[in-house]
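Novice: Have a look; sequence and predicted model below, questions after that.
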Amino acid sequence: MAIKVENLTFVYNPGTALEQCAVNNVSFEIPDGQFVGLIGHTGSGKSTLIQHLNGLVKPTGGKIYYNGEDIYAEGYSLRQLRSKVGLVFQYPEHQLFEVDVISDVCYGPRNLGLSETEARSRAEEALRLVGMKEKYWEQSPFELSGGQKRRVAIAGVLAMNPEVLILDEPTAGLDPKGRDEILNEIAALHEARNMTIILVSHSMEDMARYADRLLVMNHGEKAFDGTPKEVFQHYRELEQMGLAAPQVTYVVHALRERGVEIDEDITTVEEARGALLAALRLQP
Amino acid sequence: MGIIRAEKLVFDYIRRDEEENIEEVDRAIDGLSVDVEKGSFVAILGHNGSGKSTLAKHINAILTPTGGTVWVAEMNTADESKVWEIRKRAGMVFQNPDNQIIGNVVEEDVGFGPENIGVPTDDIWKRVDESLEAVGMTAYRYKSPNKLSGGQKQRVAIAGVMAMRPSCIVLDEPTAMLDPNGRKEVIRTVRELNQKEGITVILITHYMEEVIHADRVIVMDEGKIVMDGTPREIFSRVDELKSYRLDVPQVTELAYELRKAGAEIPEGILSLEEFVGSYMKAYAAQGGRENCADGGQRTDCRSQKEMQ
Amino acid sequence: MVMLREITIGQYYPVDSVLHRMDPRTKLFGTMVYIISLFLTDNVWGYTAAALFLALVIRLSHVPVSFMVRGLKAILFLLLISVSFNLFLTEGEEIFRIWVLHVTKEGVRMAGFMAVRLIFLVMGSSVMTLTTTPNQLTDGLEKSLGFLKKVKVPVHEMSMIMSIALRFIPILVEETDKIMKAQMARGADFESGGLIQKAKSMVPLLVPLFISAFRRATDLAMAMEARCYHGGEGRTKMKPLRYAGRDYAAYAVYAGYLGVIVLTKAVL
C-alpha cells in the first residue's frame, strides 16, 4: 500500500466568483510496483490530482497517505516525500538550468543534502538509466535535441531515487521515435526496479500496451478504475467524456457485431492479429 | 506548374564562432525538388530533424535557399522585393499556439495581418468576420486568447492567416502540442478550408491519422524526399515507413500484418470502415459462411456475398 | 505565487457605460486635467468641486464604489506616512503635544487636504484604468504621443512592446508557477534560508524563465514577420480612434471644471 488517496477534493479560488472544483471526492489506492495509466480530457483534474501526490498542492478536503502516513500531518517532511514520489512535469526540459547535463541532474540529489560525490554517482546512474551516453554529460543541456533534453530532465527526477515515478505526458511533442524510446525506458524502470509508475497520457494505444491499470478522470471525478481491458469496454462512455479507446477496440467491436467470434477485450495490435488470423483459420 | 515549386533546394544551417569563422555546417535540406499543385492538400511527414520544418520556412520566405530556388506563385523567394507579396500568398501556422497570437482579443489578433499590409479599416472588419466564420470561432471573437483551449488558439491562428486572403497555408506541426480533441478540431478546420475555399494546404505532422485525407503524402528523411504518393500508396509500404521511424495507424498495421500472414486483405487500408469491410469479405470467403447459416448477422453476410 | 496571480495590471471592469465607450485619449486627457486640478486647489471649495466631479464620473462609469475603495488599500501605507508627516511636522498654532511631537491647527488642515488629495488622485486615475482596456490605453497613448515621432521617438514600437507585454504577462506568470513547482519536485526550497541563500535558490527558477521568455520572443518575432509585420510604416488600423460627440462634450466639461477650480482659487 504505497499511495492511498481518501476523499480528495480540491477547489480553486474558494469563496470567490472564480470558484472551480478541480478534484471532487476522489479515492483510490495504488499498491507498490503497479503501472497506472491516468487518462482524462484537458481540464478533467488529472494534473491537479498528481500534484497532490507529492504534496505540491494542499487539498481543500480529504487525505493522502504515503506508506500509511498522512502526508499533510504536522511534522511530516514534504521534502522527503518529494524524493520518494518523483514528479516529472509536462515539457520537463523547460526546467533545465545548469551549465552542463551532469550538474543539472545533480541538482535534486544535492537538495537532499547528499555529498558532491554521492550526488554525482546518483546523477550518473540516472543518466545511464535514461540512456544518455557519457559523451553528452559535460555538454550544455540546451544544445541537445528535444528528445535528449527530455531524457535529461527525467534523469533529474530519477536521481532523487524515487520509489514512485509520476509522469505528466512525457511524450508530448516528440516524434514517434522519441516517443517509443521514452516509453520503453519507463517500462524498463518499471520492470527492472519494480518502480511504481503513474503515467498521464492521451494515447490510448500506449495505455493499452503499458499500463496494468487505468484511472479515468472526468470533470474532477473518478469515472473508471480497472485494467485497460475492462476500461476500454466502456468505449462509448469514454467518447462522451471526450476520450476514446484504441482503434483496435473499435475494430473488434465492429467485427463482433457482424458475427466474427473474437474476444471483446482485445486492445493491442498483437492480440488482434492473433485473434483475427485464428478467425480466418490462418496460422499466426 | 504548381503554386509552390522547389528546384534542387539546398539549405545549410551555419554556426559561427565569435570571430565569424564557420564552426559547423549542418545540411538541413539536400537537393530537394518538389512541385505542389494549386488547391491540393499535401501532408509532409518525417521525424524530427528530417528537414520538414526547414522546408516549410522556405515557402514563407522566412528562410531563403543556400542553393537552388523556391517559387511561390511564380515569385522567386530569394527576390527581396517580393517578400511581403509572398507572405501574403503563403500564410504560415506554427507549432506553439501561444507564441503566435499577438492580439489581446481574438478579433484584434485576426486583424493583425491585414493591418500590416495596409488594408482599409472597413475591409479589415469584413475580412475578420469572414475568417472567424470560416474557422468557426465567431462566438469567441471578444475573448482573450489566454482563455481558449489549444485547439481554439490554433484556429484563431489559422483565421489570422486566412484574413490575409492567401492562396496557400503552410502548417508546421500545428497539432504537436494539442490533445486528441484539439488535434481533430484543427484538422477538420484545415480540411474544410481546403475543400470549401480551395486553399492549398501543406500540413507538416508526425501524426499518421492526420494525413489519411490528404491528396498527397511526402515523406522526408535527411533533407530529401524519400516517399511521395497518395496516402494509400504510402500506407501500403508499412515496413519502409517504419524504417524512417514513422508510425502507421493501428488499422493499417493490423491489415498489413494479416496480409503478410496470408489473409486476403488489400494493401493500404486507411480507415476503420475499410478494414472492417475487407476483413468481412475475407471472412465470408473462408468459412465465415457457416456463420451465416446460424442466422443472427444474416443481412451482413448477404451483402458480403452479393459484393463478391 | 497566488499573490502574483492576484495582481492584475490595469484591471478593467467590463460593463457598458458612457465612459467605457469614450475615446481613450479623452480619458487620458481628463485624468491629466483632474490631477492638475488637485494640485492647483488649496481650499475647501476647490476640494468640494473635485469631489463632486469625481462623484459624477464614478456614477457615469457604472463601476461599483466598493471596487474603487478596494484599490485604495494599496496606498494605505503611503497615506498614513504622508498624513503623519503633515500632522506632526507642520509649524503653527499648537493644539496639543505628545513628547516632541506637536499637533498644530495648520497641521490638521494640511494632513486632511493631503489625505483627500491622495485619495482623489488614486480614485480618479483608477476610473480611467477601470473603464479602458489595456489595448485601448496603449492605442490612446500611441496616438496622443504621436507628435513625438517627429523627434524620432519610436512611439509605435513602444506601444507594440506594451501590448505584447500585456499579452504575455499572464502566460509568464503561469510558467513561473510551473517551473517553481517542477524545481520543488526536485527538492528545491524557495522559502527558508537567509537573503543570499534565497537569492541563490532563485537561479533554477530564473534561468529557465529567461530561456523560455527568449524562446517565446524568437517564435513571436517569426510569427509576426510571417504575417507581414514590418513596423508602423504603411500600417492601417482595425480599430482607429475617432472622436464622437461624447468626447467633445467631455472636453467641454473639463473646461468648465477647470474654470470652477481656478475660480475657487482666485475668488475665495
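Specialist: Good, I have the coordinates.
Novice: for the residue in the stretch 1-150 of chain A that chain B sits nearest to, helix, strand, or coil?
Specialist: Nearest to chain B, among the residues of the stretch 1-150 of chain A, is A:Thr42, at 4.9 Å (Cβ to the nearest Cβ). Bear in mind the C-beta positions are built from the backbone N, C-alpha and C, glycine included. Counting by DSSP: H, G, I helix; E, B strand; the rest coil, the backbone at A:Thr42 sits in coil.
Novice: Let me know the distance separating it from B:Leu178.
Specialist: In this view, A:Thr42 and B:Leu178 are 9 Å apart by Cβ to Cβ, to the nearest Å.
Novice: Settle it for me: which of these two has more neighbours?
Specialist: Higher neighbour count among A:Thr42 and B:Leu178: B:Leu178, with 25 against 16, using other Cβ atoms under 10 Å in any protein chain shown.
Novice: and that one, helix, strand or coil?
Specialist: In three-state terms, and counting by three-state DSSP, B:Leu178 is coil.
Novice: Spit out the contact partners of the nearest residue to it once chain neighbours are set aside.
Specialist: Spatial nearest neighbour of B:Leu178, chain neighbours left out: B:Gly150 (4.5 Å); criterion: Cβ to Cβ, 6 or more residues apart in numbering or on different chains. B:Gly150 sits next to A:42, B:97, B:177-179, B:182 when contact means Cβ atoms under 8 Å, 6 or more residues apart in numbering or on different chains.
Novice: Enumerate every residue touching B:Gly51.
Specialist: Contact analysis of B:Gly51 by Cβ under 8 Å, 6+ apart lists B:11, B:28-30, B:32, B:220, B:222-224.
Novice: now with 6 Å?
Specialist: B:28-29, B:220, B:223 (Cβ atoms under 6 Å, 6 or more residues apart in numbering or on different chains).
Novice: Nearest residue to the residue in the stretch 101-250 of chain A that chain C sits nearest to in space, please, no chain neighbours.
Specialist: Nearest to chain C in the stretch 101-250 of chain A, going by Cβ to the nearest Cβ, is A:Asn111, at a distance of 3.2 Å. Counting by Cβ to Cβ, 6+ apart, A:Asn111 lies nearest to C:Gly187, which is 3.2 Å off, once chain neighbours are set aside.
Novice: surely the one you found meets A:Cys106?
Specialist: No. C:Gly187 is beyond contact range of A:Cys106, at 11.3 Å (criterion: Cβ atoms under 6 Å).
Novice: ok, the closest residue to chain C within the stretch 201-308 of chain B - how many residues close by?
Specialist: Closest residue of the stretch 201-308 of chain B to chain C, Cβ to the nearest Cβ: B:Ile202 (13.7 Å). A total of 27 residues lie near B:Ile202 under the criterion other Cβ under 10 Å.
Novice: now it, what's its secondary structure?
Specialist: What three-state DSSP gives for B:Ile202 is strand.
Novice: element containing the nearest residue to A:Gly131 once chain neighbours are set aside, please.
Specialist: Using Cβ to Cβ, 6+ apart and skipping the chain neighbours, the partner closest in space to A:Gly131 is A:Glu185 (6.1 Å). Secondary structure assigned from DSSP states H and E places A:Glu185 in helix A:176-193.
Novice: Kindly report the same for B:Met92.
Specialist: B:Met92 is part of strand B:90-93 when elements are defined by DSSP H and E.
Novice: In this structure A:Gly108 contacts A:Met160, no?
Specialist: Yes. Counting by Cβ under 6 Å, A:Gly108 touches A:Met160, with 4.4 Å between them.
Novice: Those two - which one has more neighbours?
Specialist: Neighbours were counted for A:Gly108 and for A:Met160 using other Cβ under 10 Å; A:Gly108 has more, 29 against 24.
Novice: where does the more buried one land in three-state SS?
Specialist: For A:Gly108, the secondary-structure state derived from three-state DSSP is helix.
Novice: show me what contacts it?
Specialist: Contacts for A:Gly108 (Cβ under 6 Å, 6+ apart) come out as A:156, A:159-160, C:186-187.
Novice: C:Gly187 too?
Specialist: Applying Cβ under 6 Å, 6+ apart to C:Gly187 gives the contacts A:79, A:82, A:108, A:111-112.
Novice: How far does stretch C:58-73 sit from its chain's centre?
Specialist: The chain centroid and the centroid of stretch C:58-73 are separated by 14 Å under Cα atoms, centre = their mean, to the nearest Å.
Novice: name the element B:Ala28 belongs to?
Specialist: For B:Ala28, the host element (DSSP H and E) is strand B:22-36.
Novice: got the contact list for that strand?
Specialist: The contact list for strand B:22-36, computed with Cβ under 6 Å, 6+ apart, reads B:2, B:4-17, B:42, B:51, B:54, B:223-225.
Novice: In contact with the residue sitting nearest the centre point of chain A, which residues?
Specialist: Nearest to the mean C-alpha position of chain A, by Cα atoms, centre = their mean, lies A:Leu199 at 1.4 Å. When contacts are counted by Cβ under 6 Å, 6+ apart, A:Leu199 is found next to A:37, A:167.
Novice: Tell me which helix or strand it sits in.
Specialist: Per DSSP H and E: A:Leu199 is located in strand A:196-200.
Novice: Please export the C-alpha coordinates of the next helix or strand along the chain from that strand as PDB.
Specialist: Following strand A:196-200 in sequence order, the next helix or strand is helix A:204-210 (DSSP H and E). The C-alpha trace of helix A:204-210 is given here as PDB (Å, rounded to 0.1, in the frame of the first residue of the first chain):
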ATOM      1  CA  MET A 204      -4.900   5.100 -25.600                       C
ATOM      2  CA  GLU A 205      -2.700   2.800 -27.700                       C
ATOM      3  CA  ASP A 206       0.200   3.400 -25.300                       C
ATOM      4  CA  MET A 207      -2.000   2.900 -22.300                       C
ATOM      5  CA  ALA A 208      -3.200  -0.400 -23.700                       C
ATOM      6  CA  ARG A 209       0.400  -1.500 -24.200                       C
ATOM      7  CA  TYR A 210       2.000  -0.500 -21.000                       C
END
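Novice: which other residues reach the helix holding A:Glu185?
Specialist: A:35, A:130, A:147, A:170-171, A:195, A:197, A:210, B:47, B:245-247.
Novice: I'd like those as a markdown table, with pLDDT, neighbour count and secondary structure appended.
Specialist: A markdown table is the format used below for those (pLDDT from 0 to 100; neighbours: other Cβ atoms under 10 Å in any protein chain shown; DSSP: H, G, I helix; E, B strand; the rest coil):
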| residue | pLDDT | neighbour count | secondary structure |
| --- | --- | --- | --- |
| A:Phe35 | 96 | 20 | strand |
| A:Val130 | 92 | 22 | coil |
| A:Gly147 | 89 | 20 | helix |
| A:Pro170 | 95 | 25 | coil |
| A:Thr171 | 92 | 22 | coil |
| A:Met195 | 94 | 21 | coil |
| A:Ile197 | 96 | 21 | strand |
| A:Tyr210 | 94 | 19 | helix |
| B:His47 | 88 | 19 | coil |
| B:Arg245 | 88 | 17 | coil |
| B:Leu246 | 89 | 22 | coil |
| B:Asp247 | 86 | 21 | coil |
